[in-house]
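Asker: got a predicted model here, sequence first, then my questions.
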Amino acid sequence: MDESNDPNLQSFLPVAPTNGFPIQNLPFAIASRKGCCNDEKFAVTRIGDTIIHLGQLEELGFFDDTPIGGRSIFSQPYLNDFLEFGNHAWIEVRKKLIELFKKDNSILRDHEELKKSILFELHEIEFHLPVRIGDYTDFYSSKQHATNVGIMFRGKENALMPNWLYLPVAYHGRSSSIVISHTSIKRPYGQIKPQDGAPIYSASKRLDFELEVGAIVGIGNPLGQPIPVDDAENHIFGLMLVNDWSARDIQQWEYQPLGPFLGKNFATSISPWIVTMEALKPFRCSAPIQEPKPLTYLQETERYTYDIQLEIELQTKDDHTTTQICSTNFNTLYWTLKQQIAHHTINGCNLRTGDLLASGTISGDHEHSYGSLLELTWNGKNPIHLNNGKTRTFLEDGDTVIIRGYCQNKDYTISFGEVVGTIVN
Ligand code: MN
């Protein structure tokens, strides 16, 4: 166990046992102070419910002896410049934060004036997109999800496409419509083809979510130079929660032969916090065994994934009743982060700082673990029952989808926070 994940570490800042943001987490986000300071954006981290203003810490010289010293990296509206410093710098900054906020360090702990300029309460803060996302790729790495969708549209015999077990399938998404958690999602309009009859122009009637985890690329690769599978994780800064909103009726009519387009690119929501790969290290676990064995460039010397528990709640507008409709785990994904990156770059394609690679819908092997309404209701055939007695096949106006994620061991919990979106007309 390396020092920054020592379960005995404690901060002088208060952390409730169930909080999920102990000093071992230290995720990164971009924030501004509500109704203050010209809405100026800056980088933050968090311990308990206390927000730590990294721009202020930097200005006061606390990062001077780290690789980012002497630069205004954290007073910028995005984390990209910090990401570009690479793995070594991310780890050194994490170590510095642990040193500054651990229980027995009095430098900040006993300095009320300093604390006033650095520490804020959660409710004083508004979050923004943490990175300037260049390119967005959405994978399709859950075998259960691909199988479910295959059965629904092609039948049991040909559920998985012939390529699926050989390569991590993906499509290129659109980054301009990626929005931060709590942004309202406008129900899209488009072409829909009724069962029998010509296509019509209509509001989507089969609006859905997709539970996904996204990886933020920290350091890219030069064009023409693939990233070897065993080196791939050094290129990832951290992970976040993603909701890949999907209009199934628009998607179904448009997707052949080139894949998703307007059924997907109207909105994708992400959570504000990026949990670093360093914080996730204690939660590595085994990944599903692959049969057939993939080609050499996809074979990892050390094959593992992460134990991230994921949950979806649906909240209705009328009475604000909340129902948990899915509980699943990131560790069910067949293709790992390392394999996704090795495959993405095997043709020489260059990833860049700030790119978002989403996992694809994460579905486990039982009905309550499916990560989309398409699967939970089996294409609308079996409505799900909510705690207020109502049912749903697809999302209605006013519905709010809340996705949460966390890692837990016997010592502590690392929370990803949540990604929230409400459907409006
Ligand atoms: Mn997706």
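Answerer: On my side now, so go ahead. Numbering: from 1, shown residues only.

Asker: alpha carbons only for contacts and neighbour counts from here, please
Answerer: Fine.

Asker: what's near enough to touch Tyr140?
Answerer: The contact partners of Tyr140, by CA atoms under 8 Å, 6 or more residues apart in numbering, come to 146, 168-170, 359-361.

Asker: are any of those residues buried, and if so which?
Answerer: By neighbour count, with 16 or more other CA atoms under 10 Å, the contacts of Tyr140 hold 146, 168-170, 359-361 as buried.

Asker: just the ones in helices from these, please.
Answerer: Under the assignment DSSP state H, the buried ones among the contacts of Tyr140 contribute Ala146 to helices.

Asker: from the contacts of Tyr140, pick the one nearest His320.
Answerer: Of all the contacts of Tyr140, Thr361 has the smallest distance to His320: 25.8 Å, by CA to CA.

Asker: hmm, the closest one is touching Leu374, no?
Answerer: No - using CA atoms under 8 Å, Thr361 makes no contact with Leu374, being 10.8 Å away.

Asker: Val217 touches Phe237, doesn't it?
Answerer: Yes - Val217 is within contact range of Phe237, at 5.8 Å (criterion: CA under 8 Å).

Asker: distance to His182 for the buried ones among the contacts of Tyr140 - can I get that in TSV?
Answerer: Compiled in TSV, those are given as follows (distance: CA to CA, whole Å):
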residue	distance to His182
Ala146	29
Pro168	30
Val169	29
Ala170	27
Ser359	21
Gly360	21
Thr361	20
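
Asker: need the pLDDT of Ile178.
Answerer: For Ile178, the pLDDT comes out at 98.

Asker: what sits against it?
Answerer: 267-270.

Asker: circling back: which of Val217 and Phe237 has more neighbours?
Answerer: Val217 (28 against 24; other CA atoms under 10 Å).

Asker: mind checking how far that one is from Thr393?
Answerer: 35 Å (CA to CA, to the nearest Å).

Asker: for Gln251, what are phi and psi?
Answerer: phi -60, psi -40 (degrees, to the nearest 10).

Asker: which SS state does Leu97 fall under?
Answerer: helix (DSSP: H, G, I helix; E, B strand; the rest coil).

Asker: could you find the closest non-adjacent residue to Trp273?
Answerer: Once flanking residues are discounted, Trp273 sits nearest to Ala29: 5.0 Å by CA to CA, 6 or more residues apart in numbering.

Asker: partners of the one you found in the sheet?
Answerer: Taking DSSP bridges as the rule, Ala29 bridges to Val44.

Asker: which positions within stretch 144-152 qualify as buried?
Answerer: Going by 16+ other CA under 10 Å, stretch 144-152 has these buried residues: 144-151.
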